[in-house]
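A.B. asks: This is a predicted model, with the sequence first.
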Amino acid sequence: MSIDHLHEKVRKLKNPSVVDFSLKADCVPAHLIEQEGSFLGGYLRFCRELMAGLKGIVPAVRFSMGRFALLGPEGLNGLRTLLTEAKEHGFYVLLDGPEILSPWDADCIAESVFGGTRYPCDGLIISPYIGADAIKPFVPYCKNQQKDLFVVLRSPNKTAADLQDLMSGSRLVHQAAADLVNRHGESIEAKCAYSRICGVVSAGNANSIRNIRNNYRGMYLLVDGLDYPSGNHKNCSHAFDQFGFGAAVCAGPSVTAAWKEAESDGTDYVEQAKLAAERMKKNLLRYITVL
């Protein structure tokens, strides 16, 4: 499925939210780890039960290949199972790809993720900062197989400005990255009128979001980092078009680990996540209207 699936899910649920399942180890309730006999077992159960609880509330989920790879072969096997189950639940499924440090990395990742069935996902998130070589291998899959590529333009971490906000000619570096994405994606338009090669922007930088939305009307945007101190719902609203489409907003532990914020013992982590997801939706809809 392409970005049209995410567009339709957002329209149906009136909720442009994505829940990221990457988190620190202490965000998994201790009783799950104890009952399952390992951190991996507890983490997988945590993800499964949260997905079941969030079904029908949020349209999309996000997983990190690197996070599971660090847990060994069993971790990657578990990731494949979670991706499959997420698709069965009807979620739009995003996967953070491995780091791309060379054109050969990009070729290998494109073939492994988009060219096969081992990692069933709808969209892949990558960094473009080795240049066009990071994007080119994915373009045929976006054109021919209706896969979506999400390219990080401006990340939400505090020190992103050290590099991504430097001047490059008359533009900031992350704006140059947006130009690069647009050149590859402007001819790959889905039915919803947005490109299948998308941008990832920071929930903490309203000016950046406004600039990219105003200059690239056909670029679908994933607004990342709502969990960060600088992220807020009003900033995120600048990514959307006048109909409440063209973007989705990603949050992680503020939803998945809401049980910690509630100072719970963790046994009610699914209910706390559902409440947090509903609050996120309500706060976003204060600033946008999804038609």
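C.D. replies: The structure has been received and is ready for your questions. Numbering: from 1, shown residues only.
A.B. asks: Going by C-alpha atoms from here, please, whenever you check contacts or count neighbours.
C.D. replies: Fine.
A.B. asks: Which stretches in this protein count as helices?
C.D. replies: Here the chain has its helices, by DSSP state H, at 3-13, 30-36, 39-54, 65-69, 73-89, 103-109, 139-144, 161-164, 173-185, 206-215, 233-237, 253-256, 258-261, 269-284.
A.B. asks: Next, format those helices as a markdown table and append mean neighbour count, mean pLDDT and distance to residue 120.
C.D. replies: As requested, those are exported to a markdown table (neighbours: other C-alpha atoms under 10 Å; pLDDT from 0 to 100; distance: least, C-alpha to C-alpha, whole Å):
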| stretch | mean neighbour count | mean pLDDT | distance to residue 120 |
| --- | --- | --- | --- |
| helix 3-13 | 20 | 97 | 15 |
| helix 30-36 | 15 | 97 | 25 |
| helix 39-54 | 19 | 98 | 16 |
| helix 65-69 | 18 | 96 | 12 |
| helix 73-89 | 17 | 97 | 6 |
| helix 103-109 | 17 | 97 | 13 |
| helix 139-144 | 17 | 95 | 14 |
| helix 161-164 | 14 | 96 | 31 |
| helix 173-185 | 20 | 97 | 22 |
| helix 206-215 | 17 | 97 | 29 |
| helix 233-237 | 23 | 97 | 28 |
| helix 253-256 | 24 | 98 | 22 |
| helix 258-261 | 20 | 96 | 28 |
| helix 269-284 | 20 | 98 | 24 |
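A.B. asks: Those: which one's closest to residue 291?
C.D. replies: helix 3-13 (6.7 Å; C-alpha to C-alpha).
A.B. asks: Surely residue 53 and residue 270 touch.
C.D. replies: Yes. If you go by C-alpha atoms under 8 Å, residue 53 and residue 270 touch, sitting 6.1 Å apart.
A.B. asks: In CSV: the helices of the chain, plus distance to residue 22.
C.D. replies: Below are the helices of the chain laid out as CSV (distance: least, C-alpha to C-alpha, whole Å):
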stretch, distance to residue 22
helix 3-13, 20
helix 30-36, 16
helix 39-54, 10
helix 65-69, 7
helix 73-89, 12
helix 103-109, 20
helix 139-144, 25
helix 161-164, 23
helix 173-185, 24
helix 206-215, 24
helix 233-237, 20
helix 253-256, 8
helix 258-261, 14
helix 269-284, 14
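A.B. asks: So residue 14 versus residue 57, what's the distance?
C.D. replies: Relative to residue 57, residue 14 is positioned 9 Å away (criterion: C-alpha to C-alpha, to the nearest Å).
A.B. asks: Oh, that last question was meant for residue 40, not what I typed.
C.D. replies: Residue 40 is 26 Å from residue 57, by C-alpha to C-alpha.
A.B. asks: For the stretch 101-250 of the chain, which segments are assigned as strands?
C.D. replies: Along the stretch 101-250 of the chain, the segments classed as strands by DSSP state E, counting those that start in this stretch run 123-126, 148-152, 167-168, 171-172, 197-202, 221-224, 247-251.
A.B. asks: State the mean pLDDT of the third one.
C.D. replies: When the per-residue pLDDT values of strand 167-168 are averaged, the result is 94.
A.B. asks: What pairs with that strand, parallel or antiparallel?
C.D. replies: Paired strands of strand 167-168, with direction, are strand 171-172 (antiparallel) (DSSP bridges).
A.B. asks: what mean pLDDT would you report for the partner strand?
C.D. replies: Mean predicted lDDT for strand 171-172 stands at 96.
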